[in-house]
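Q: let me see the structure of the following:
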Amino acid sequence: MRETFGEYIKRLRTENCLTLTQLAAKLDLDSANLSKIENNKREFDQKRLILLAEVFNLDILKLRTEYFSDLIAKKIYENNCDEQTLALAEEKIAYLKSKKSTLS
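A: Down below sits the predicted model:
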């Protein structure tokens, strides 16, 4: 996906012919907050991912991937990190997973 998570939500909303007010109501938000999310001025609340998946009949695992990849990309961009940051993060994930499996 070459769009932010907010832009992704806006695209889903417009493709499904929903107004800001209609989608906001389905997500238990007010339309002003949803507009800020779509325009990348506010972060989408992780707790609403399940609702978003239900509204648009999306696979929750794929949606979580989109959401968290957006958060990670923004952090890397905001902190002016280089590409090695992702490679090192992948190594740390593998380490954490291996550590967890030895504790189980």
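Q: flag the shaky bits of the chain, pLDDT-wise.
A: 1, 104 (pLDDT under 70).
Q: quick one, what contacts the residue nearest in space to the middle of the chain?
A: Geometric centre of the chain, nearest residue: residue 67, 1.6 Å, by Cα atoms, centre = their mean. When contacts are counted by Cβ atoms under 8 Å, 6 or more residues apart in numbering, residue 67 touches 5, 44, 46, 49. C-beta here means a position set from N, CA and C on the backbone, and glycine is covered the same way.
Q: now render the residues you listed as TSV, adding neighbour count, secondary structure and distance to residue 100.
A: Shown next, in TSV, are the contacts of residue 67 (neighbours: other Cβ atoms under 10 Å; DSSP: H, G, I helix; E, B strand; the rest coil; distance: Cβ to Cβ, whole Å):
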residue	neighbour count	secondary structure	distance to residue 100
5	23	helix	27
44	23	coil	28
46	11	helix	21
49	17	helix	23
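Q: reformat the residues you listed as a markdown table; add distance to residue 57.
A: Formatted as a markdown table, the contacts of residue 67 follow (distance: Cβ to Cβ, whole Å):
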| residue | distance to residue 57 |
| --- | --- |
| 5 | 18 |
| 44 | 18 |
| 46 | 20 |
| 49 | 14 |
